[in-house]
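Enquirer: Predicted model and sequence below, questions to follow.
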There are 2 protein chains.
Amino acid sequence: MIDNNLELSQIGEFGLIKRIREQAREFQSGAVIGIGDDAAGVKVKEGKIALLTTDTLVEGVHFKWDYTSGYQVGWKALAVNLSDIAAMGGTPTYCLVTLGIPRKVDLSVVDGIYQGLSSLASLYRVGIVGGDVVSSPVFFITVALVGEEDREDVLLRSGAKEGDLIYVTGDLGTSAAGLFCLRKEKELGVSVFLRDKLQKKHLLPEARVKEGRQIVDAKIASSMIDVSDGLASDLFHILEESKVGAELWEDKIPISEEVKKLAGETGSSFLNWALYGGEDYELLFTCPEEIKSSLGFPVTQIGKIVKGEPEIVLIDSAGRRRKLEPRGWDHFSGNLKIPYWKES
Amino acid sequence: MIDNNLELSQIGEFGLIKRIREQAREFQSGAVIGIGDDAAGVKVKEGKIALLTTDTLVEGVHFKWDYTSGYQVGWKALAVNLSDIAAMGGTPTYCLVTLGIPRKVDLSVVDGIYQGLSSLASLYRVGIVGGDVVSSPVFFITVALVGEEDREDVLLRSGAKEGDLIYVTGDLGTSAAGLFCLRKEKELGVSVFLRDKLQKKHLLPEARVKEGRQIVDAKIASSMIDVSDGLASDLFHILEESKVGAELWEDKIPISEEVKKLAGETGSSFLNWALYGGEDYELLFTCPEEIKSSLGFPVTQIGKIVKGEPEIVLIDSAGRRRKLEPRGWDHFSGNLKIPYWKES
């Protein structure tokens, strides 16, 4: 029985852990040892390799409470980790959740976080088997996610070869467009319907787990990464690891009509959103041969791998070539320098 | 080649990841996929269960930079996780490290953290296979640690039975005494030698991994936990999970002469340090029968499990009984109320 009329400081750390344990009970199936002991214990399947990944969201850095609910924070914290497992073609299995919580935080926010986590976890049958809650002057959430994969299936960033074609799932720039709306809520003259659609991609992203698995099963790809920092930055990671260059075809980059409409109405660059915005959590992958038959989900050919230094050349519809900076969101060397990211 | 004359804001997030990858290279042995891809990949042994645990240290909450070096923070962040695996009788194998770093932090501190992590990781052959670095207004470090264990070996908190004897490894209260010294550095009239010894246990704790393994191998114990929050609080966890009560014998609780000396000289209660101080990272376990032969390391019988509600009765040398509050460090319901914890 969950009492909703309590404050965090009243129930304390161990009260909170009990509460979490109760709420997460149904998501611990498969765990030999669940929440409440020194460590969680999970069974391991023979002949598989375990994938380990972790990602963190910090209040004020990765999101703001002004425009984000607890549910959305919980959902997104797991989604960004699922996306990393998707980029390896793996199957997510178990996670640990760490919350750094300011003392005065409302317990309903914490409950919302676990509801968001649980909703997404149940979609992928991921067990929430443990974690940590600590006091912190600033809120943060760290998810550590375990996945599994057959040994021969591993798709690394380092497998791209000269002549490979570059593909991406879904479309790009939508998350950045959504963030643009969230940050300018008051002044923006676009429809609520349009805004909601774009914002949803930013606040409640979907990870391409099934798509990643299918790309691996189809044995068509030579390398793969998820688009978390932005197309330019993430493609650059593949180039660095594979020691090759790339050409990107500007007018092939998939950008939705809604994103183009918003950019047009607000004088923004949809190309910048797609190249540098990040957080689309689509899969970027390279293939030795053209994809001829449908994979059951949209993929777009956007360029090709070339010989040479890790370098991206963007080619526009008139055939003009320009070298792209591999910039995107960098936590330490300064924010993105494109307009939408500027604090108002 | 590591350049030590750089600031974090100069090398950026991806520069930092490269640097970490270079420094952690030798600790990735055994990983199929190491630092630098979307997820790490590790081999899994047949017939084992995987143990998963995570613990976080936050600046200003778990430690202060005034009296803690980067090396010590890195070491301790891994040690507290090793201790959780030790408490299950498991063998630690791989870890992920997440750092939340304020932008202006000195790169030498970050290097120190990885040196501390690497030193301890190499002692236990733990691979540092991945992680995340994010910008954060406050520094924090989260380690997620994977371990392994044979299925039948699991020692839970819930196995204690009426009549079992309560044991603890090493001695208690030393970490709290060390913290007491660290917080009062200027005024304290105790010897540097004494202070260093006590402070070391607080700043560079050792996890009882081998001891945990031996306790499991000897098949003598019915439950086990590590002493992280304090004897009273951690014993209470066993009682709650096992649905039993306990008697603790005050004069049997192992407290070193150094700790008693410091308490005497400063008018502090060494019993409070042992009961409520926490962070000793000794193992607390229950045994159906008395331990007769040496385990090769010091253990002390400090009480017994009794029938009834989860409740600890402390019995002093004159036979007086008093009920203990299961208090210890609680992050949300308010700090410890015993004198040494008070901020000066």
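Expert: Now that the structure is in, tell me what you want to look at.

Enquirer: From here on, just use CA atoms for contacts and neighbour counts.
Expert: Will do.

Enquirer: Tell me where the stretch 101-250 of chain A has strands.
Expert: A:127-135, A:140-150, A:165-169, A:223-226, A:245-249 (DSSP state E, counting those that start in this stretch).

Enquirer: per-residue confidence averaged over the third one?
Expert: Same thing as strand A:165-169. Across strand A:165-169, pLDDT averages out at 98.

Enquirer: Ok, the shortest one next?
Expert: With pLDDT averaged residue by residue, strand A:223-226 scores 95.

Enquirer: who does it touch, helix- and strand-wise?
Expert: helix A:70-86, helix A:231-242, strand A:283-287 (3 or more C-alpha pairs under 8 Å, 6 or more residues apart in numbering or on different chains; DSSP states H and E).

Enquirer: Of these, give the one that comes closest to residue B:184.
Expert: Taking C-alpha to C-alpha, helix A:70-86 is the member of those nearest to residue B:184, at 40.0 Å.

Enquirer: tell me the domain boundaries of chain A?
Expert: Domain assignment for chain A by automatic domain parsing gives A:8-151, A:157-341.

Enquirer: looking at the helices and strands packed on strand A:223-226, which is closest to chain B?
Expert: Closest approach to chain B among those (C-alpha to the nearest C-alpha): helix A:70-86, 5.0 Å.

Enquirer: quick one: is that closest one near chain B?
Expert: Yes. Among the residues of helix A:70-86, A:84-85 lie within reach of chain B under C-alpha under 8 Å from any C-alpha of the partner chain.

Enquirer: measure the residue nearest the centre of chain A to residue A:110 for me?
Expert: Residue closest to the average C-alpha location in chain A (C-alpha atoms, centre = their mean): residue A:80, at 3.3 Å. As judged by C-alpha to C-alpha, to the nearest Å, residue A:80 and residue A:110 stand 19 Å apart.

Enquirer: Go through the domains of chain A and pick out the most buried.
Expert: A comparison of those by mean neighbour count, using mean count of other C-alpha atoms under 10 Å in any protein chain shown, puts domain A:8-151 on top with a mean of 21.

Enquirer: what's the offset of that domain from the middle of its chain?
Expert: Centroid displacement of domain A:8-151 relative to its chain, using C-alpha atoms, centre = their mean, to the nearest Å, is 15 Å.

Enquirer: In TSV: the domains of chain A, plus distance to residue B:243.
Expert: Putting the domains of chain A into TSV (distance: least, C-alpha to C-alpha, whole Å) gives the following:
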stretch	distance to residue B:243
domain A:8-151	14
domain A:157-341	41
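
Enquirer: Let me know which of the ones you listed is the nearest to residue B:265.
Expert: Comparing the domains of chain A against residue B:265 with C-alpha to C-alpha, the closest turns out to be domain A:8-151 (32.7 Å).

Enquirer: Quick check: mean pLDDT of that closest one?
Expert: Mean predicted lDDT for domain A:8-151 stands at 87.

Enquirer: still on that earlier bit, quick one: closest of the domains of chain A to residue B:51.
Expert: Closest among the domains of chain A, using C-alpha to C-alpha: domain A:8-151, at 4.4 Å.

Enquirer: which bits of the stretch 101-250 of chain A sit near chain B?
Expert: Within the stretch 101-250 of chain A, the residues that sit near chain B (C-alpha under 8 Å from any C-alpha) are A:103, A:130-132, A:134-138, A:142, A:144, A:156-157, A:225-226.

Enquirer: Next, the contact list for residue A:97, please.
Expert: A:128, A:130-132, A:141-144 (C-alpha atoms under 8 Å, 6 or more residues apart in numbering or on different chains).

Enquirer: repeat that with 6 Å
Expert: Counting by C-alpha atoms under 6 Å, 6 or more residues apart in numbering or on different chains, residue A:97 touches A:131, A:142-143.

Enquirer: Would you tell me which one of those comes nearest to chain B?
Expert: residue A:131 (5.7 Å).

Enquirer: With distance to residue B:190 as added columns, please give the helices and strands packed on strand A:223-226 in a markdown table.
Expert: Formatted as a markdown table, those follow (distance: least, C-alpha to C-alpha, whole Å):
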| stretch | distance to residue B:190 |
| --- | --- |
| helix A:70-86 | 48 |
| helix A:231-242 | 55 |
| strand A:283-287 | 61 |
